[in-house]
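Student: what's the 3D shape of this:
(3 chains)
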Amino acid sequence: MRISRWFADRWVMIVALLVLGYLALPILVVAALSFNRPSSRLSYDFNEFTLDNWRQPCATSDMCDAVVRSVQIGFLVTVVATVLGTLMAFALVRHRFRGRSGINVLIFLPMATPELVMGTSLLALFVSAGVPQGFWTIVIAHVMFCVSFVVVTVKARLAGMDRRLEEAAMDLYASEWQTFRLITLPLVLPGIVAAALLAFSLSFDDFIITNFNAGTTVTFPMYVWGAAQRGIPPQVNVVGTAMFAVALLLVGLSSLRTRARFGLGSDS
Amino acid sequence: MTLLAPTGSGRPPPAPPAARSGRRGLLPYLLLLPGAAWLFVFFGVPLAQLAAASLYDPSGSLATGYAMTWAFSNYPDVVQAYWPQFLRSFGYAGLALVLALLLGYPLAYAIAQKAGRWKNLLLVCVVAPMFTSFLVRTLAWKTILSDNGALVGLLRDVHLLAPDGRLLATPFAVVLGLTYNFLPFLVLPLYASLERLDPRLLEAATDLYASGAQAFRRVTLPLSMPGLVAGTLLFFIPASGDYINAELLGTPNEYMIGNVIDSAFLVRLDYPQGAALSFLLMAAILAVVFGYLRRAGTEEVL
Amino acid sequence: MRMAPETPAGDLRLANLTKRFGVFTAVDDLSLTIGQGSFFALLGASGCGKTTTLRTIAGLEEPTSGQVLLGDREITRLRPYKRPVNTVFQSYALFPHLNIFENVAFGLRRRGIRSVDDEVTRMLSLVQLDGYGNRRPAQLSGGQQQRVALARALINRPQVLLLDEPLGALDLKLRRQMQIELKRIQTEVGITFVHVTHDQEEAMTMADTVAVMNAGRIEQLGAPADIYELPATAFVANFLGQSNLLAGEATGASGGDVAVTAHGARFAVPASRSRAEHGPVHLGVRPEKLILVGSADQVPAGHQHVTGVVTDASYVGVSTQYLLRTGWGTELSVFAANSGTSARVAVGSEAVAYWDPQHAFLLPRDAADTDRTSPVLDEPVGASS
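Tutor: Numbers count the residues shown, from 1 in each chain, chains lettered A, B, ... in the order given. Next comes the predicted model:
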């Protein structure tokens, strides 16, 4: 009786923890494999513990080149997509204008379209226009699918902001520009930063669209894809683990910062 | 990490009546112009280009060039050639969706209603897999499911799997991979809906003689509908267009339509066929999505 | 630009102010003069246009027509940051990313004043928040946030301070305390306060002059006691406190009194307390001005009375509130102070309510209107004010 009652109260939480385990399992495996000395090139099994992969992450220089290229692309894409998307978010939240629903559809569609379709259609465009594919076509493609996510993220933050704060600033002798700089921007900034991080991670991790528009340029996911056929160097798991650690660190820092800024963990 | 987006965060506070709009007539258009132009040129135009390419003369090639011959026969041709892969795409994605709902609903519910002060931490755990590369994670499943791995060994020992049975390179592995990869897309919108659910409503339901299951069916489920619909779509759309799981965890026998499109464009260089397949995929997904939304009766999610 | 708020302000005047949102008229041809240094309250239910009026004075809303004048200066279309007017916002609108010191210093800094430390410290101590400068708004209680909002506005020495339901978010006890506080500060700084509220008790406690607004217009304007003792309309009579209004016909004045027939009985009201002398009228008496006795013999000479049956008695501590059903079916409210001088009346017993004619008042009435005895409930009526 007691036990069944205890279980009835907690089964949802138990299932949830098991599912979280399922979600976490591959990451643990990636982390473990980053310390593995594989028995052969095509082996995916854990063989022997070593620190070599971490000591020499660039032992296979192709991979490091690919990582550097992905970071470059990700950086460019983040800057362009964040600027374009933020401007659009401001227009959508702060202004009334004709053609608003058309713009909303244009922003929504890329998020609802399979990546495969976007990738192949861009390929069809570049080929028919005679544009050589490579670094810049990847950037163009990534900005295209990142913009919508930036718009949605910044829009949510902007729409959640109390207009009275801006009115209060104007009431306290701040001009329109001062109000924007001192009140609006700092308060929307977390949304913009979140959007930028989202854009970077989308770009860095994209395989499908990149695959159709990369020409001979190799990004990190392209490298992994190619290597999967020939045998994966264990350093790939080092990159995977390091990415995870960096992202986790960023999340941790930002939550600490929010707590510090707004008192005991209560966001505005 | 794409998923927080469509559900946004909460409702805006009641805005005071919009003040002076007249003097800014052109500004919104200037703000929209660069982004909208980018989307138009690199999303809208290519779709039209893809539609055109799907009607090119199939006997052309990349070297000799393609002629526009309004070859509508491309469509029946590709359906005839690749209908098994089409069926498989939707079959695997549908199966994965059912699994994801069974796993994701309790997870979302537990985080939203039961986690208390651990809420944020658990949410981070849901998003955490996306902190690392999609491909690298999928490859990790290759290790977990490998014939020499602990999991297969265990299943063989308890005779759940025949002594020569495998997990890798089976439909099971592909569906498992799809479920794993897109589960967070389902959980986050669902969580957002369930988080807004006032627990007192459930107390009220039980007070009014509803059993636990009835309270769930009559109160929790209907109120989580918007999140459920959004999550289902966010899961199903990428899952049915995916080909990475089939490629890495399956064999050509598990190939989905994505694998065919990939090879049409990048290996066989048969653009008309690839374009026709892409277009069919999009049409099929749109048909499923709108059919589903109509049945779910919540078209405003879009 | 630098303002000179120290120059004498003069009165704040609204002239034929109208504000429409689409087809909805929020403020309807409103004219008003608010004397320099006065504490003025705009009282009304949600949606009556009081907040729109306030926002027009602040410059956050441009009127559809009409003028806002401060002394001799027209400020109707001046941007909010160019007006010597500051606002304490509903829900305070404190900047969440700035600490209390910077919140309070915000206005001074925008006007290019460099050394703000002394001023801010002095202001924080005026609102009894010494030492709170380094905290964030989220770390303060509702009452403290309210005082920061006040300090942030007052530090600019505006010619007019606007308060938009500034106490609405506070619980009852704190609200009473802040009412007294606000009144004290207003007396101290001598700035014109325009206070918007839906709480009639708050308006009466604090303001020198109260304007009762309804549907974008002012129903009545005056000192709180004057409005309460002699309301101008049935709306005011039942929005500001509660009144028993009996439908009757006035038959003209004679000898300083107006004669009224209501429900078959004859009454008289002093002409000085009558706002109509002929035709359909409401005869009004406040519940606390009615005195309940057992029979008509106990009614003193010169008083008037109605007879009925007590249908309800609610004991609320300081008083007992009775309902008296009259012969024609209307239930009158009677408040009897629990001063120990009169006996309680049992529910179901017959009783007589009498009043001094000097406490009655006479209001014009729409011919279709009947008795009114219940207070106007302050519920949101759709559009925001």
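
Student: The residue nearest in space to the middle of chain B: what secondary structure?
Tutor: For chain B, the residue nearest the mean C-alpha position is B:Phe235 (2.8 Å; CA atoms, centre = their mean). Per DSSP: H, G, I helix; E, B strand; the rest coil, the local secondary structure of B:Phe235 is helix.

Student: List the contacts of it.
Tutor: B:96-97, B:100, B:182-183, B:185-186 (CB atoms under 8 Å, 6 or more residues apart in numbering or on different chains). From N, CA and C alone the C-beta is placed, and that goes for glycine too.

Student: Over to B:Ser278?
Tutor: A:116-117, A:120-121, B:50, B:54, B:261.

Student: Looking at those residues, which one is closest to A:Ala156?
Tutor: A:Val117 (26.1 Å; CB to CB).

Student: So what's the residue count around the closest one?
Tutor: Neighbour count of A:Val117, defined by other CB atoms under 10 Å in any protein chain shown: 24.

Student: Kindly report the residues of the stretch 101-250 of chain A close to chain C.
Tutor: The stretch 101-250 of chain A has residues A:162, A:164-165, A:167-175, A:178, A:183, A:186-187 near chain C, with proximity defined as CB under 8 Å from any CB of the partner chain.

Student: List buried residues within the residues you listed.
Tutor: A:162, A:164-165, A:167-175, A:178, A:183, A:187 (16 or more other CB atoms under 10 Å in any protein chain shown).

Student: from those, which is closest to chain B?
Tutor: A:Asp162 (5.5 Å; CB to the nearest CB).

Student: Dihedrals phi and psi, that closest one?
Tutor: Backbone torsions for A:Asp162, taken as degrees, to the nearest 10, come to phi -70, psi 120.

Student: Return the distance of it relative to B:Phe42.
Tutor: 36 Å (CB to CB, to the nearest Å).

Student: Ok, B:Asp77 next?
Tutor: Distance of B:Asp77 to B:Phe42, given as CB to CB: 29 Å.

Student: Comparing those two, which shows the higher neighbour count?
Tutor: For the pair B:Asp77 and B:Phe42, the greater number of neighbours falls to B:Phe42 (22 against 15), based on other CB under 10 Å.

Student: Can you check what pLDDT the model gives the closest residue to that one other than its chain neighbours?
Tutor: Closest residue to B:Phe42 apart from its sequence neighbours, by CB to CB, 6 or more residues apart in numbering or on different chains: A:Met144 at 4.2 Å. For A:Met144, the pLDDT comes out at 95.

Student: give the contact list for A:Met144.
Tutor: So A:Met144 contacts A:110, A:118, A:122, B:38-39, B:42-43 (CB under 8 Å, 6+ apart).

Student: Out of the residues you listed, which two sit at the greatest distance?
Tutor: A:Met118 and B:Trp38 (13.2 Å).

Student: Comparing those two, which residue is more hemmed in?
Tutor: Taking A:Met118 and B:Trp38 together and counting by other CB under 10 Å, A:Met118 has the greater number of neighbours (27 against 19).

Student: Wait, the more buried one touches B:Gly44, no?
Tutor: No. Between A:Met118 and B:Gly44 there is no contact under CB atoms under 8 Å: 11.1 Å.

Student: Quick check: residues of the stretch 51-200 of chain B near chain A?
Tutor: B:52-53, B:62, B:103-104, B:106-107, B:109-111, B:114-115, B:120, B:122, B:124-126, B:128-144, B:146, B:148-149, B:180, B:183-184.

Student: Just the ones in helices from those residues, please.
Tutor: Counting by DSSP state H, the part of those found in helices is B:52-53, B:103-104, B:106-107, B:109, B:120, B:122, B:124-126, B:134-144, B:180, B:183-184.

Student: Type out the PyMOL command that picks the buried ones from these.
Tutor: The following PyMOL line selects those of those that are buried, judged by 16+ other CB under 10 Å:
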select buried, chain B and resi 52+53+103+104+106+107+109+122+125+126+134+135+136+137+138+139+140+141+142+143+144+180+183+184
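
Student: which strands and helices sit next to the one helix or strand A:Met222 maps to?
Tutor: Taking DSSP states H and E as the criterion, the element that holds A:Met222 is helix A:220-230. Packing contacts for helix A:220-230, counted by 3 or more CB pairs under 8 Å, 6 or more residues apart in numbering or on different chains; DSSP states H and E, involve helix A:61-94, helix A:208-213, helix A:235-261, helix B:134-144.
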